[in-house]
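>>> structure of the sequence below:
(4 chains)
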There are 2 protein chains.
Amino acid sequence: MTSRQVTLVEVAKHAGVSLATASRVLNGSTRQVSDELRERVVGSARRLGYLPNASAQALARNSSVLVGLVVHDIADPYFSSIAAGVTRIAEEAGLVVVLGTTGRDPGREVELLHTLRAHRARAVVIAGTRTTDRAAASRLADEIAAFTTQGGRVAAVSQAKLGIDTVVPGNRAGARALATELTALGHRRFAVLAGPQDLVVARDRLAGFRAGLAEAGAAEPFVVHGDFTRDGGHAAARELLTAGTGATCVFAVNDVMAMGAMAALREHGLRVPEDVSIAGFDDIPTLRDLAPGLSTVRLPLEEMGERAARLVLDDHPTARTVRAPGEVVLRASTSSPSGTGLR
Amino acid sequence: MTSRQVTLVEVAKHAGVSLATASRVLNGSTRQVSDELRERVVGSARRLGYLPNASAQALARNSSVLVGLVVHDIADPYFSSIAAGVTRIAEEAGLVVVLGTTGRDPGREVELLHTLRAHRARAVVIAGTRTTDRAAASRLADEIAAFTTQGGRVAAVSQAKLGIDTVVPGNRAGARALATELTALGHRRFAVLAGPQDLVVARDRLAGFRAGLAEAGAAEPFVVHGDFTRDGGHAAARELLTAGTGATCVFAVNDVMAMGAMAALREHGLRVPEDVSIAGFDDIPTLRDLAPGLSTVRLPLEEMGERAARLVLDDHPTARTVRAPGEVVLRASTSSPSGTGLR
DNA sequence: GCCGATGTGGAAAGCGCTTTCCACACGCTA
DNA sequence: TAGCGTGTGGAAAGCGCTTTCCACATCGGC
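Predicted coordinates for the structure are as follows:
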């Protein structure tokens, strides 16, 4: 059933030229070929339905047209937005995106990079969120070094790794600004649904929020850790409810957690923002029409993906860092405190 | 800066064996190699940091480890959920996913398939939504034929193409069941935000809904076409509002459109479900905690991706069709009609 | 009219693997 | 002991390209 593929030799034969000439015509070469031969070759290729073998080209050229994209979970809107940006730029440049998912397993991250290296991928964008696990980080660093040594470029989104291109979202500054705005609304007692302890993104957001509160003279927030997911937010909010903290405002370190938390509060008979205010982080596009609107810190996710892809595609000598500042967006889910808070 | 890569010859030399033996040890071969040589080779490979060149393997074996995934827009939760399913299965099987996005351009779909074919991709999952454009469909069919002739497998999600594996979501039946439930609530006058005219998925959902209404003896719905996106839903809802149809229930053919529509209704001072009921389709995970909860037809999106991937990976002689039925989920966004409807 | 410069075509040597052959050494049976 | 199957190692022929050489024209300047 598998019929033989048309090769360049056959095209060359059909056109009555040498293999070299056919190759020069059909693929970008610096060498000139006379118009007559050129037309013959192009005609033969079309007539025979010639399709270059990408593996053979990659082997001969020692470089592929593949660009890796490593994310934790492509179904997560945070990552899928970034992926959209990366994909757009890569495809515009005629490259092919290889998608790898880690499920938040640092070991898997290394594995994927390994595979990508085996494929001689031209570049990789790692949109994972760095862990604080030293061993994993060091193996990742080794793999990245191997990748760049081999001539590939690596960029990270939000991982401030030494020596590679990075797009750094304003996690700390954004959370800090959010804290400022929320205290300006009159809140003094806060709770934070802080995500996993070993996730740098989550830690940064927590730290920034704390800093903002401290500046405003608000009390140290009550912190609950948990998963970085909807369910994590839901569980953390339930924990919060049993703790009876008196918080009038809840900050979830990302939007999907905020979503889960809102559900938990609602199940508990609490209204947002009348009984408690809530804010998230990211400004996930799908959630922009929520009612009440979710106050959050907007990150230009697609743009972050685009910028990471650009960093990794146009080649510049030294590693660069691009900042993607977050912008506080206050919507209806936060208001001035009125009730007694969570008791 | 780009240092030479360790090749199999070097490993063989280092281990003092032939190239053939090294290859047999390091890659699955049916041939036996004595334990002693095997250990020597493995040891040398590890010591030298050998990494097989995937392009060379693909060339020699005439088959790659790549699996294509073609979607319209990876940032769309519908597609990113499907992508998560496909990716999981592919990665479990040790394969590498190549992500291509079409931006709803049928021509781009063909292009991507072409590229995938050039890479000797082992299989492709097309999660696009079929258009009714005959010319585009025929070029796609040609490309698919070429792909399968070459030994690759192709599966589609929701495109009922002749001769290839397909996962068919219950668009028609789901919409029909939804219509049944909504009429049971007492609604008689409906409006449908129907998406693009040339999108088969959208047409099927509209047709199913119409059928359900007809069965229940409800009036023919007022139909507004538009984009399959949040903004499309928003615009269509605005159009609906100016039309003054008296509809008491709005069906948006997917959840993101429903989301946009809800925003438009809200902006117009209408309450859901008190003034008007609204329902969507898909049951996007991110929107499950909406308040009021969005009535919809749940599609097992990730599972659909998984099943498509399985279809395309385990090889069976004839094309198969797998059904993924939709399940009506009634939540708070729909209630019995109370007011006068949209005027 | 000679000489380098330039432009164009082809032969062939890889790129790094897989996989057929072939060779050889055993361990059997007859 | 001859003869044969079987298990294991190696030589070498590809896989389908790219790219270096080399050969040969042609052309302009003097």
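>>> low-confidence ranges, the stretch 151-300 of chain A, go.
A:160-162 (pLDDT under 70).
>>> relative to A:Leu48, how far out is the closest residue to DNA strand C within the stretch 51-200 of chain A?
DNA strand C sits closest to A:Ala60 of the stretch 51-200 of chain A, with a gap of 3.8 Å, by C-beta to the nearest atom of the strand. From N, CA and C alone the C-beta is placed, and that goes for glycine too. According to C-beta to C-beta, to the nearest Å, A:Ala60 stands 21 Å off from A:Leu48.
>>> between those two, who's got more neighbours?
Neighbours per residue (other C-beta atoms under 10 Å in any protein chain shown) separate A:Ala60 from A:Leu48, with A:Leu48 holding more: 15 against 12.
>>> list, one by one, the residues from chain A near DNA strand C.
A:16-21, A:31-34, A:36-37, A:56, A:59-60, A:62 (C-beta under 7 Å from any atom of the strand).
>>> grab the nearest non-local neighbour of the residue nearest the centre of chain A.
Compute the mean C-alpha point of chain A, and by C-alpha atoms, centre = their mean the closest residue is A:Ala127, 3.7 Å away. Leaving aside its sequence neighbours, A:Ala127 sits nearest to A:Val157 (C-beta to C-beta, 6 or more residues apart in numbering or on different chains; 4.3 Å).
>>> state the distance from that neighbour to A:Val71.
In terms of C-beta to C-beta, A:Val157 sits 9 Å off from A:Val71.
>>> now do the shared contacts for the two.
Here A:Val157 and A:Val71 share the contacting residues A:Ile82, A:Ala127, scored by C-beta atoms under 8 Å, 6 or more residues apart in numbering or on different chains.
>>> which of the two has more residues huddled nearby?
A:Val157 (32 against 27).
>>> would you confirm that that one contacts A:Arg130?
No - using C-beta atoms under 8 Å, A:Val157 is not in contact with A:Arg130, being 10.2 Å away.
>>> got the phi and psi for A:Ala156?
phi -120, psi 150 (degrees, to the nearest 10).
>>> now A:Ala146
phi -60, psi -40.
>>> so what's it up against?
A:Arg117, B:Gly49.
>>> rerun at 7 Å
By C-beta atoms under 7 Å, 6 or more residues apart in numbering or on different chains, the contact set of A:Ala146 is A:Arg117.
>>> that one and DNA strand D: what is the separation?
23 Å (C-beta to the nearest atom of the strand, to the nearest Å).
>>> which residues of the stretch 51-200 of chain A lie near DNA strand D?
So far as C-beta under 7 Å from any atom of the strand goes, the stretch 51-200 of chain A lies against DNA strand D at A:Leu51, A:Pro52, A:Asn53, A:Ala56, A:Gln57, A:Leu59, A:Ala60, A:Arg61.
>>> strands along chain A, start to end?
Under the criterion DSSP state E, strands of chain A are mapped to A:66-71, A:96-101, A:123-126, A:153-157, A:165-169, A:190-193, A:222-224, A:249-252, A:277-279, A:296-298, A:321-324, A:327-329.
>>> most tightly surrounded among the ones you listed?
strand A:249-252 (a mean of 32; mean count of other C-beta atoms under 10 Å in any protein chain shown).
>>> for the residue lying closest to A:Ile144 once chain neighbours are set aside, list each beta-bridge partner.
Leaving aside its chain neighbours, A:Ile144 sits nearest to A:Val154 (5.2 Å; criterion: C-beta to C-beta, 6+ apart). A:Val154 forms beta bridges with A:Val124, as assigned by DSSP bridges.
>>> can you pull the contacts of A:Val154?
A:Ala123, A:Val124, A:Ile126, A:Ile144, A:Phe147, A:Thr148, A:Ile164, A:Val312.
>>> quick one: least confident of those?
Minimum pLDDT for the contacts of A:Val154 is recorded at A:Ile164 (89).
>>> when you check chain B, which of the residues of chain A next to DNA strand C turn up near it?
A:Ala56, A:Leu59 (C-beta under 7 Å from any C-beta of the partner chain).
>>> narrow the residues of chain A next to DNA strand C to those that are buried.
Buried residues within the residues of chain A next to DNA strand C, counting neighbours by 16 or more other C-beta atoms under 10 Å in any protein chain shown: A:Val17, A:Thr21, A:Val33, A:Leu37, A:Ala56, A:Leu59.
>>> so which of the residues you listed sit within helices?
A:Thr21, A:Leu37, A:Ala56, A:Leu59 (DSSP state H).
>>> most widely separated two among those?
By the measure C-beta to C-beta, A:Leu37 and A:Leu59 form the most distant pair in those, at 25.9 Å.
>>> residues touching A:Lys81, list them.
Heads up, residue A:81 is Ser, not Lys. Shown in contact with A:Ser81 (C-beta under 7 Å, 6+ apart): A:Pro285, A:Leu301, A:Glu302, A:Gly305, B:Ala75.
>>> what's the closest non-adjacent residue to it?
In space, A:Ser81 is closest to A:Leu301, 3.6 Å off (C-beta to C-beta, 6+ apart).
>>> now A:Pro285
A:Ser81 (6.5 Å).
>>> what about the residue of the stretch 151-300 of chain A found nearest DNA strand D, how many residues nearby?
Nearest residue of the stretch 151-300 of chain A to DNA strand D, counting by C-beta to the nearest atom of the strand: A:Gly151, 13.5 Å away. A:Gly151 is flanked by 15 other residues according to other C-beta under 10 Å.
>>> coming back round to it: how close does the residue of the stretch 51-200 of chain A closest to DNA strand C sit to B:Pro221?
Taking C-beta to C-beta, one finds A:Ala60 at 59 Å from B:Pro221.
>>> do the same with A:Pro196
Relative to B:Pro221, and taking C-beta to C-beta, A:Pro196 is found at 47 Å.
>>> and A:Arg203, by the same measure?
A:Arg203 is 51 Å from B:Pro221, by C-beta to C-beta.
>>> before we move on, what about A:Ala145?
From A:Ala145 to B:Pro221 the distance is 61 Å (C-beta to C-beta).
>>> swap in A:Ala156?
Taking C-beta to C-beta, one finds A:Ala156 at 50 Å from B:Pro221.
>>> ok so, going back, my guess is the residue nearest to the centre of chain A contacts A:Phe79, does it?
Yes - the criterion here is C-beta atoms under 7 Å, and A:Ala127 meets it with A:Phe79 at 6.0 Å.
>>> quick check: neighbours shared by these two?
A:Val71.
>>> now do the helices in the stretch 101-250 of chain A.
A:106-118, A:134-149, A:171-184, A:200-215, A:230-243 (DSSP state H, counting those that start in this stretch).
>>> tell me the phi and psi of A:Gly151?
The phi/psi pair for A:Gly151 (degrees, to the nearest 10) reads phi 100, psi 0.
>>> how much space separates it from B:Val96?
A:Gly151 sits 20 Å away from B:Val96, going by C-beta to C-beta.
>>> residues near A:Thr242, how many?
For A:Thr242, the count of nearby residues is 9 (other C-beta under 10 Å).
>>> who's in contact with it?
Contacts here follow C-beta under 7 Å, 6+ apart; on that basis A:Thr242 touches nothing.
>>> contact residues of the stretch 1-150 of chain A facing chain B?
So the stretch 1-150 of chain A meets chain B at A:2-3, A:5, A:51-56, A:58-59, A:64, A:73-75, A:77, A:80-81, A:83-84, A:87, A:91, A:96-99, A:101, A:115, A:117-120, A:149-150 (C-beta under 7 Å from any C-beta).
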